[in-house]
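**Q** one predicted model, sequence on top.
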Amino acid sequence: MPVLVVPYDSTLQLRLIAGTNPETGKAIIRTKSFNRVKESAEEQDVFDTANQLFSLQKYNLDEIRLNKACQLTD
């Protein structure tokens, strides 16, 4: 029997560089999350929206993540 994939809402995460740890020299990362991204949203649209949201932040951008969730059932 084939597996049925039931998509859930996804989460968009902006990983921002908030500074540098003076002891280790590693970047301090802060995450801004935006829940309930519709599963029907195109990745390019999500990316464009993420860049617009980033432009409102005071920190530098490290990474944009889109975490998709789904249920696997038979």
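**A** Happy to help now that I have it. Numbers count the residues shown, from 1 in each chain.

**Q** and the contacts of stretch 28-45?
**A** Applying C-beta atoms under 8 Å, 6 or more residues apart in numbering, the contact partners of stretch 28-45 are 7-21, 46, 53, 57, 59, 62, 66, 68, 70. Placement of C-beta: from N, CA and C, glycine included.

**Q** relative to residue 10, how far out is residue 39?
**A** To residue 10, residue 39 is 6 Å away according to C-beta to C-beta, to the nearest Å.

**Q** same check on residue 33?
**A** Distance of residue 33 to residue 10, given as C-beta to C-beta: 11 Å.

**Q** so these two - more neighbours on which side?
**A** More crowded of residue 33 and residue 10, by other C-beta atoms under 10 Å: residue 10, with 20 against 11.

**Q** can I assume that one is in contact with residue 67?
**A** Yes: in this structure, residue 10 is within contact of residue 67 by C-beta atoms under 8 Å, at 5.9 Å.

**Q** per-residue pLDDT, the one residue sitting closest to the centre of the chain?
**A** What sits nearest the mean C-alpha location of the chain, by C-alpha atoms, centre = their mean, is residue 13, with 2.4 Å. At residue 13, the model reports a pLDDT of 96.

**Q** what does residue 57 give?
**A** If you check residue 57, the pLDDT there is 89.

**Q** surely it and residue 16 touch.
**A** Yes: shown here, residue 57 and residue 16 form a contact pair, counting by C-beta under 8 Å, at 5.8 Å.

**Q** of the two, who's got more company?
**A** Neighbour totals were compared for residue 57 and residue 16, and residue 16 leads with 19 against 13 (other C-beta under 10 Å).

**Q** what's around the residue lying closest to residue 2 once chain neighbours are set aside, how many residues?
**A** Nearest residue to residue 2, sequence neighbours excluded (C-beta to C-beta, 6 or more residues apart in numbering): residue 74, at 7.7 Å. Residue 74 has 6 neighbours, counted by other C-beta under 10 Å.
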